[in-house]
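>>> have a look at this prediction, sequence included:
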Amino acid sequence: VTVLLKENAHIGHGAVIHGATIGRNCLIGMNSVIMDNVILGDECIVGALSFIKADEQFENRSLIVGNPAKRIKAVSDEMMQWKTEGTQLYQSLPETMRQHWHPVEPLRHIPDTATEEQLASLYKTWNQTRNP
């Protein structure tokens, strides 16, 4: 079965796309399984650990969760903005790496001068963006 990932589809760590069409700007959560002949419309979000049975179809902007997965509500503009920004961050990483890549000596310990802010990630989780 052909797997088709449309533009800006974002597949989380450990997810299995067994045979499906993943719509434009969708997010597949970590360790989800998408079986044969599934069709996800554009801008869907599939929750982590979800299992979508073979031959299922979901309309655009569906929030899909569970085992077996079901549509629980529509994806909001706020959720889609968060997803889009997260995908853009991942897409920018290779170029950022190329710009700053140079040989270094291994870091053997964390410097005493490192602040917590310097060690923290620039990326915020969905819950952090909703509840700053």
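Sure, I can see it. Fair warning: this is a prediction, and the values are worked out from it, not measured in the lab.

>>> who are the packing partners of whichever strand or helix holds residue 90?
Counting by DSSP states H and E, the element that carries residue 90 is helix 77-100. Helix 77-100 makes packing contacts with strand 10-11, strand 27-28, helix 126-130 when contacts are defined by 3 or more Cβ pairs under 8 Å, 6 or more residues apart in numbering; DSSP states H and E. Where you see a C-beta, it was placed from the backbone N, CA and C, and this is true even at glycine.

>>> one more time with 10 Å, if that's ok
strand 10-11, strand 27-28, strand 45-46, helix 126-130 (3 or more Cβ pairs under 10 Å, 6 or more residues apart in numbering; DSSP states H and E).

>>> in a markdown table: those, plus distance to residue 95 and mean pLDDT.
Converted to a markdown table, the helices and strands packed on helix 77-100 look like this (distance: least, Cβ to Cβ, whole Å; pLDDT from 0 to 100):
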| stretch | distance to residue 95 | mean pLDDT |
| --- | --- | --- |
| strand 10-11 | 17 | 96 |
| strand 27-28 | 22 | 98 |
| strand 45-46 | 26 | 98 |
| helix 126-130 | 24 | 75 |
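
>>> related to what we said a few turns ago, chain center to the helix holding residue 90, what's the gap?
Taking Cα atoms, centre = their mean, to the nearest Å, one finds the center of helix 77-100 at 10 Å from the center of the full chain.

>>> what does stretch 27-44 give?
Averaged C-alpha coordinates place stretch 27-44 at 11 Å from its chain's average position (Cα atoms, centre = their mean).
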